[in-house]
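Colleague: Here is a sequence with its predicted model. Questions after.
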Amino acid sequence: MRKRQQTGAAVVFVGPFVVAYLVLFVYPTLKMVVLSFTNAPLIGEGKWVGWSNYLRLAHDNLFLQSVGHTIYFVVLTVIPTTLLGLVIAMMVLRLRGLLQSLVLAAFFLPYILPVTVVYRIWEWMIDPQFGIAQLPIRLLLGHSVAMWSDPLWAMPSIAFITIWWTNGFNVLLFIAGLKNISQDVHDAASLDGAHRWARFRYITWPLIWPVTALVLTIQLILQLKIFDQVYLMTVGGPFNSTYVVVQYIYKQAFQSNHGGYGATVAVVLFVAIAALSVLQFQALRVRPS
């Protein structure tokens, strides 16, 4: 009787989640996979074309460019934002009281802003005529730079804004991990004569590694799906220099009405994200010595 009650309670609590998961994730994913083997429009049925859509990707220059740009964006953001989050977290923990709370809030505040607000803030700040962010650029280069209109600067500027916008979440994760390290360990190392770098290298870094692996994996998944910032700030330009994979899916499915081909690109991205995330997380499970 008791076992039945426990099973019934488990079904009541877990059942709604399982149903929602099947309806909102599993079914659309399977539908997308089936759609990728057809030439269907966005809405409606299409003819079965087998592997033609996938073979077409290998010769699609814009798709290959979007893959390259997405990888470039990942390189510009994933490791830098992870390291910066760790450094900021260690600095914040050195503060005390109200000052610590204010500094932490200042770093986390951008994370709660919607992307449209972030876009508008930085549109004003990097405006070539009156943007305040152009002051250091003029000091370094001697002239203003239209960041989002220059192929050389467009993607790095989007990456910089993305780090500024999202890094507060990483800081919170690292603070939580750092607080789990007992102060007694650091005190014992100090008594043994270990200087600050040695304590970080042999105590903090190995103990904070699981959190670092988590942050790297989360950032890899998020940055491979980059779309909002690119679409708002550059619309993939100039000269397609910031065109990314998700924007290509949007173009094919919603602008060109090629639902089958758009689904093909989406399936490839889904498989790539899943595979890279698993491989990276497994590789990072080994603690540094």
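Modeller: Thanks, I have it. Numbering: from 1, shown residues only.
Colleague: Start from the N-terminal end of the protein and give the helices.
Modeller: For the chain, the helices defined by DSSP state H occupy 2-21, 27-35, 52-57, 61-93, 97-108, 115-125, 134-141, 154-179, 183-191, 196-199, 205-224, 228-233, 245-250, 259-284.
Colleague: And those: which comes nearest G44?
Modeller: Closest of the helices of the chain to G44 is helix 259-284, at 7.9 Å (criterion: C-beta to C-beta). Heads up, the C-betas are built off the backbone N, CA and C, glycines and all.
Colleague: now for the closest one, which elements pack on it?
Modeller: helix 27-35, helix 52-57, helix 205-224, helix 245-250 (3 or more C-beta pairs under 8 Å, 6 or more residues apart in numbering; DSSP states H and E).
Colleague: just to revisit the earlier point, check the helices of the chain for me and report the most buried one.
Modeller: Of all the helices of the chain, helix 245-250 carries the top mean neighbour count, a mean of 22, counting by mean count of other C-beta atoms under 10 Å.
Colleague: How far off centre is stretch 187-204?
Modeller: Distance of stretch 187-204 from the chain centroid (C-alpha atoms, centre = their mean, to the nearest Å) equals 33 Å.
Colleague: Repeat that for stretch 225-242.
Modeller: That offset, for stretch 225-242, works out to 15 Å (C-alpha atoms, centre = their mean).
Colleague: How about stretch 21-29?
Modeller: The chain centroid and the centroid of stretch 21-29 are separated by 22 Å, computed with C-alpha atoms, centre = their mean.
Colleague: average model confidence for it?
Modeller: The average of the pLDDT scores along stretch 21-29 is 90.
Colleague: outside of that stretch, which residues touch it?
Modeller: F270 (C-beta atoms under 8 Å, 6 or more residues apart in numbering).
Colleague: related to what we said a few turns ago, can you put the helices and strands packed on helix 259-284 in TSV and add distance to Y119?
Modeller: Conversion of the helices and strands packed on helix 259-284 to TSV gives the following (distance: least, C-beta to C-beta, whole Å):
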stretch	distance to Y119
helix 27-35	28
helix 52-57	30
helix 205-224	17
helix 245-250	15
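Colleague: between those, which gets nearest to I273?
Modeller: Across the helices and strands packed on helix 259-284, I273 has its closest neighbour in helix 205-224 (5.2 Å, C-beta to C-beta).
Colleague: could you check the angle helix 154-179 makes with the closest one?
Modeller: Angle, helix 205-224 to helix 154-179, by axes from the mean of the first three to the mean of the last three C-alpha atoms, to 10 degrees: 140 degrees.
Colleague: so what secondary structure elements neighbour helix 205-224?
Modeller: So helix 205-224, by 3+ C-beta pairs under 8 Å, 6+ apart, packs with helix 61-93, helix 154-179, helix 259-284.
Colleague: Would you mind listing the residues in contact with D228?
Modeller: So D228 contacts V115 (C-beta under 8 Å, 6+ apart).
Colleague: Going forward, count from 291.
Modeller: Happy to do that; since the first residue is 291 now, the last one works out to D518.
Colleague: picking that back up, the helices and strands packed on helix 495-514 into CSV, with extra columns for mean pLDDT?
Modeller: Listed next are those as CSV, based on pLDDT from 0 to 100:
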stretch, mean pLDDT
helix 351-383, 94
helix 444-469, 93
helix 549-574, 89
